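In: What follows is a predicted protein model with its sequence.
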Amino acid sequence: MKKIIEKAAVLIEALPYIQSFKNKIVVIKYGGSVMVNNDLAESVLRDVVFMAAVGMKPILVHGGGSRISDKMKEVGKTPQFEDGLRVTDEETMQIVKGVLLEVNKEIVKIIESFGGVGEPLLEIIETQKQYLYKENKTSGKKERLDIGYVGDIVDIVNEKIFNKLAKGVIPVVPPVGIGSDRHDYNVNADLAASAIAGAVKAEKLVFISDVPGILVNPQDESSLMATLSEDEVENLVEKKVISGGMLPKIKAGICALDGGVHKTHIIDGRLMHSLLLEIFTDKGVGTQIIKEKE
């Protein structure tokens, strides 16, 4: 009986959040090591289906994890990166798109196995070709570096997203952009999620990561910061408390806040049901970033 009562208490705690977030859009960036662990992957996607079942409107944006590099190696190509961006020639672009569409179908299938309605959503990310500008070590001058079919996001076709959401569908979006030349472009998944969240004025943007959130001391999980303002985050970046792989998510999260998103969350996908725990409980389990503290 005690366990049954405890379950009821959990539901009661969740009730005001369920009521508050009904019909609100939440964009979830899903990727990293979580995607290669079946139990964790199913935990995240079950949470997404739960959110839709209680009246929220989740949008899932996914990457390809390590599968893109693995596929390149299979065909004898060596993955190359410049400033964290994958150098993407024509053949690589075809591999990227192929892997992402394969992952997309798998995600939709799992969502449907849990009773949700998921559908792929393509050609909503409009891009232009991205170049890098790097200093020539000999001349000291900036030179333009062509890294292939890598795209800068210029617009999001949000009508397609709203149409899916109105039908009760969970849109599943791969980070493939389309250029004015109608060619496919490789897009950073974190930035894609941020741009989509801003375009639909989402209530929340959630990054599912491989760390508990933002830690003041990376070696001490008890130093987790539950809530940070945009100014506080930028201060931590300047002090190099936030660095490395967390920086792209921070940049994307702040861009989303500037675009009108209410909150950005960074949570640990290695914790079962971390998505529900962050959104539907009083304490949460990750870090939420807000524009400014009251």
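Out: Alright, I've got the coordinates. Predicted model, so just to flag it, every value in this text is computed and none were measured.
In: tally of neighbours for the nearest residue to residue 46 once chain neighbours are set aside?
Out: Nearest residue to residue 46, sequence neighbours excluded (Cβ to Cβ, 6 or more residues apart in numbering): residue 114, at 5.3 Å. Using the backbone N, CA and C atoms, a C-beta is placed for each residue, glycine as well. Neighbourhood size, residue 114 [other Cβ atoms under 10 Å]: 16.
In: those helices in the stretch 101-250 of the chain, which residues are they?
Out: 158-166, 189-199, 230-238, 246-258 (DSSP state H, counting those that start in this stretch).
In: of those helices, which approaches residue 28 most closely?
Out: helix 189-199 (7.7 Å; Cβ to Cβ).
In: quick one, that closest one and helix 246-258 angle?
Out: Inter-element angle recorded for helix 189-199 and helix 246-258: 10 degrees (by axes from the mean of the first three to the mean of the last three Cα atoms, to 10 degrees).
In: Run through the neighbouring helices and strands of helix 189-199.
Out: strand 25-30, strand 57-62, strand 125-135, strand 142-156, helix 158-166, strand 204-209, helix 246-258 (3 or more Cβ pairs under 8 Å, 6 or more residues apart in numbering; DSSP states H and E).
In: just to revisit the earlier point, so who does the residue nearest to residue 46 touch?
Out: Going by Cβ atoms under 8 Å, 6 or more residues apart in numbering, residue 114 touches 45, 46, 49.
In: of all these, which comes closest to residue 249?
Out: The nearest member of the contacts of residue 114 to residue 249, counting by Cβ to Cβ, is residue 45 at 20.2 Å.
In: Can you verify my assumption that that closest one contacts residue 111?
Out: Yes - using Cβ atoms under 8 Å, residue 45 is in contact with residue 111, at 5.6 Å.
In: These two: which is more packed in?
Out: Neighbour tally, residue 45 and residue 111, criterion other Cβ under 10 Å: the higher count belongs to residue 45, 27 against 23.
In: in the protein, what spans have low per-residue confidence?
Out: 2, 6-7, 293-294 (pLDDT under 70).
In: Report the contact partners of the residue nearest the centre of it.
Out: By Cα atoms, centre = their mean, the chain has its centre lying nearest to residue 29, at 1.8 Å. Taking Cβ under 8 Å, 6+ apart, we find residue 29 in contact with 61, 62, 63, 189, 190, 193, 205, 206, 207, 208, 249, 252.
In: what about the nearest residue to the second one once chain neighbours are set aside, how many neighbours?
Out: Counting by Cβ to Cβ, 6+ apart, residue 62 lies nearest to residue 30, which is 4.7 Å off, once chain neighbours are set aside. Here the count is done by other Cβ under 10 Å, and residue 30 has 25 residues near it.
In: which residues sit in contact with residue 30?
Out: With Cβ under 8 Å, 6+ apart, residue 30 has these contacts: 44, 60, 61, 62, 63, 107, 208, 269.
In: and the fifth one, what are its phi and psi?
Out: Which is residue 63. Main-chain dihedrals, residue 63, degrees, to the nearest 10: phi -100, psi -160.
In: Relative to residue 30, how far out is it?
Out: Distance of residue 63 to residue 30, given as Cβ to Cβ, to the nearest Å: 8 Å.
In: same thing with residue 202?
Out: Taking Cβ to Cβ, one finds residue 202 at 15 Å from residue 30.
In: And residue 106, by the same measure?
Out: 12 Å.
In: wait, residue 194 sits on residue 250?
Out: No - assessed by Cβ under 8 Å, residue 194 is found out of contact with residue 250, at 10.6 Å.
In: Show me which of the two is the more surrounded one.
Out: residue 194 (31 against 23).
In: State the distance from the nearest residue to residue 253 once chain neighbours are set aside to residue 42.
Out: Of all residues not flanking residue 253 in the chain, residue 264 sits nearest, at 3.5 Å (Cβ to Cβ, 6+ apart). Distance of residue 264 to residue 42, given as Cβ to Cβ: 25 Å.
In: go on, residue 259?
Out: From residue 259 to residue 42 the distance is 31 Å (Cβ to Cβ).
In: With neighbour numbers in mind, choose between those two.
Out: residue 259 (17 against 14).
In: Tell me how far that one lies from residue 202.
Out: 9 Å.
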